[in-house]
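> need a 3D model of the sequence below.
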Amino acid sequence: MLKFIVFLLSFSFCSLSAQDAFFIADQLSSSTALERMKDVGLQANLNAALKSDRKLQRLIKEKKLAIGLIDLKNPTNTKYASINGKEMMYAASLPKIAILLAAIDAIDKGELVETAAVTNDMNLMIRKSNNAASTRMIDRVGYEKIAEVMTSPEYQFYNKEEGGGLWVGKRYAAAGKRNPDPLKGLSHAASVDAVCKYYYMLAQGTLVSPERSEQMKSILVNPGLHHKFVNTLKKVAPKAKIYRKSGSWRTFHSDSVWVNGPERNYILVALINDVEGEQIARRLVKIAEKAIKGGKILASK
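Numbering: from 1, shown residues only. A predicted model of the protein is given here:
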């Protein structure tokens, strides 16, 4: 059915450019969007911006650092670049976005009642990264539902053939049954490809539905924790809207953000395994902005 709809769109909008047609098709399904958005120029800029930092180069080589960047400024020429994009890593609290999507999907299908307690827990889980609220949400939707949504053909946020992706297989508590990911046995996992695609679909309004995507945006906006990416963004882009989820555990530091404001519209995701992960995340914001601007740091407005 989806292929038929895309065919009709292609026929109806035959006067549009190829990129325009792809953009319209992405409104229906973004399962292969990243592949089409890969941009040689942005990739070269990102590589160049990272080149002078010897520590980051070492972490990249050891697969202890993964970065994903999507430039959304031109909606018909969206660009994607990544480093270790398919490398799945332990991501602590960042995969709570998978719980959020599974819960919203369950609510939309009538599988979960959207009570005041559920709404409150979804907000606590994302804005404050509250582990007790996250555990309650996992118990409400279940591992099977989370895995079903992550592996669905519609999203493919976790794909065994592509190295994994987003996964939640443990409550954010000491006790309880585990459902580790099938490839590496990780409890809370992510790849930058999967997370970038998640935020891209959020921006396009294709997570569950346009209305449900708006609901998710209202939960992800204005993060309650101001470390890592947000620490730098508050300085360089104080007027931008920030949609964000991060995570930290021991040496594992992760962050994900969609920045939408004056002269800015981009998605940045980083997975870091290093004791200095907090500071590295802060530096990566300026590196990403330099890559987008082609060597210049975007000025704050």
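> ok, now how distant is the residue nearest the centre of the chain from residue 184?
The geometric centre of the chain, computed from its C-alpha atoms, lies nearest to residue 195 (C-alpha atoms, centre = their mean), at 2.8 Å. The spacing between residue 195 and residue 184, counted by C-beta to C-beta, to the nearest Å, is 16 Å. To be clear about C-beta, it is placed using only N, CA and C from the backbone, and glycine gets the same treatment.
> who are the contact partners of the residue nearest to the centre of the chain?
Shown in contact with residue 195 (C-beta atoms under 8 Å, 6 or more residues apart in numbering): 68, 94, 97, 166, 256, 269.
> now flag whichever of those is closest to residue 234.
Comparing these against residue 234 with C-beta to C-beta places residue 256 closest, at 16.5 Å.
> find the nearest non-adjacent residue to that closest one, please.
Spatial nearest neighbour of residue 256, chain neighbours left out: residue 269 (4.5 Å); criterion: C-beta to C-beta, 6 or more residues apart in numbering.
> from the contact counts, what lies against the helix or strand encompassing the one you found?
If you go by DSSP states H and E, residue 269 is part of strand 264-273. Packing partners of strand 264-273 (3 or more C-beta pairs under 8 Å, 6 or more residues apart in numbering; DSSP states H and E): strand 65-71, strand 89-90, helix 192-204, strand 252-261, helix 277-293.
> any idea how far the last one is from the middle of the chain?
In this case it means helix 277-293. Distance, stretch centre to chain centre, for helix 277-293: 16 Å (C-alpha atoms, centre = their mean, to the nearest Å).
> give me the helices and strands touching it, please.
helix 40-51, helix 54-61, strand 65-71, helix 228-236, strand 241-249, strand 252-261, strand 264-273.
> quick one: buried residues of the second one?
So the one you mean is helix 54-61. Across helix 54-61, burial judged by 16 or more other C-beta atoms under 10 Å covers 56, 59, 60.
> ok, the second one to residue 112 distance?
The reference is to residue 59. For residue 59, the distance to residue 112 - C-beta to C-beta - is 39 Å.
> please apply the same query to the first one.
When C-beta to C-beta is the yardstick, residue 56 and residue 112 sit 41 Å from each other.
> go on, residue 170?
20 Å.
> residue 136 belongs to a strand, doesn't it?
No - assessed with DSSP: H, G, I helix; E, B strand; the rest coil, residue 136 is helix; it does not lie in a strand.
> which one is it nearest to, not counting chain neighbours?
residue 121 (5.3 Å).
> okay then, goodbye and thanks.
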